[in-house]
Structure formats: structure tokens, C-alpha cells
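In: with the sequence up front, the predicted model follows.
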Amino acid sequence: MNGNEQINILGIDYGDKRIGLAKSGPMAIALPIGTYQSQGMKKDVDYFVDLIEREKYSLVVIGLPLSMDGDEGERVTKTKKFASVLQKASNVNIEFIDERLTTVEAHRVLDEMGIDARKHEKNVDTISAQIILQTFLNKVNNLHD
């Protein structure tokens, strides 16, 4: 993927309660698009299959919540299970990106934007998804420089 190539990518910050969403925009910029309230695996997968088809996403990038020492815990297992079920249901390509510290970074971004800390909860997941997707886009673009 280079500056001349535009593919439609969905970024996901997967969580038990909320799932943050971002999409690729022009010039390889990740754009936040909102938060989806989780309703259980089947309903979540159905929602994302519909979203992928409707918006014609050709790739989904999902944050992998590794522990600080790089170990895979329960959150990684849940995230990989969701990704596996989604991939089988939609046949979309899925990539993982290390999401360590994205929530911390998202809170910092919201602070810099002047958003009251009490209002972070409704925005932090979509900003985290944006950071996850932007990290992926930067990594891919650096491979082609």
C-alpha cells in the first residue's frame, strides 16, 4: 500500500462492552467513526459482517491487547476468537497490531483536545481504534518508503 493506492480498511479496538471503530481515509490517515456497544459474539459478528459488506472494507485491523511483557492473556484469547469467527463469516482479511498503551495514548489525546476526563469513556474506544489503525497504516507505509 502506497500513497497512490487506496483500500478501505476498518480498525477495531475490541472490548467486552464497547468496540471502538476507525476507518482508513485519504492519504493513509485513520479516522474515528464511533463506538459499537457489544451485544454478544453472534450479534457482534452479524453487525460487523453487515458493516464490512456495506462499506466494502477489504481489510480489518484489530488491536491485540498483549500484556506489557508481551504475553497473551484472556483478552488476547477473546480478541482472536472474535477475529476468527468474523473472518469465517465475512471472508475479510484480518491483521493484528500490538495495542499496548493505546488506551493511555487515547486518554492523552482526549486531554489535549480539551475533553473533560468524565467524558473520556464515550470517546476513548474510538480514539484507541484510530490509534490502532494509524499504527498499522504507518507501519505499512514505512515498508514502502
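Out: Arrived safely.

In: can you list the neighbours in contact with stretch 50-66?
Out: 7-14, 23, 48, 72-73, 75-76, 79-80, 82-83, 86, 90, 92-100, 102, 128-129, 132-133, 136 (CB atoms under 8 Å, 6 or more residues apart in numbering). All C-beta spots, glycine's among them, are computed from the backbone N, C-alpha and C.

In: any idea which helix or strand of the chain has the worst average confidence?
Out: helix 102-112 (a mean of 70; mean pLDDT, DSSP states H and E).

In: just give me how far the helix or strand just after that helix sits from the chain centre.
Out: The element immediately downstream of helix 102-112 (helix or strand, assigned by DSSP states H and E) is helix 121-143. What separates the centre of helix 121-143 from the centre of its chain is 7 Å, taken as CA atoms, centre = their mean, to the nearest Å.

In: can you point out the buried residues in helix 121-143?
Out: 123-137, 140 (16 or more other CB atoms under 10 Å).

In: list the ones among the contacts of stretch 50-66 that fall in helices.
Out: 48, 75-76, 79-80, 82-83, 86, 90, 102, 128-129, 132-133, 136 (DSSP state H).

In: flag the least confident of those residues.
Out: On pLDDT alone, T102 ranks lowest of the ones in helices among the contacts of stretch 50-66, at 69.

In: just to revisit the earlier point, what's the PyMOL syntax to select whichever of the contacts of stretch 50-66 are buried?
Out: Entered in PyMOL, the line below selects the buried ones among the contacts of stretch 50-66, by 16+ other CB under 10 Å:
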select buried, resi 9+10+11+12+13+14+23+48+75+79+80+82+83+86+90+92+94+96+97+99+102+128+129+132+133+136
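
In: how many residues are close by V85?
Out: A count of nearby residues for V85, using other CB atoms under 10 Å, gives 16.

In: quick one: contacts for it?
Out: Contacts of V85 by CB under 8 Å, 6+ apart are 41, 45.

In: remind me which residues of this structure are low pLDDT?
Out: Scanning the chain for pLDDT under 70 picks out 1-6, 66-67, 70, 101-102, 104, 107, 110-111, 117, 119-120, 143-145.

In: please repeat the previous calculation with a cut-off of 90.
Out: 1-7, 15-16, 25-28, 65-76, 98-128, 138-145 (pLDDT under 90).
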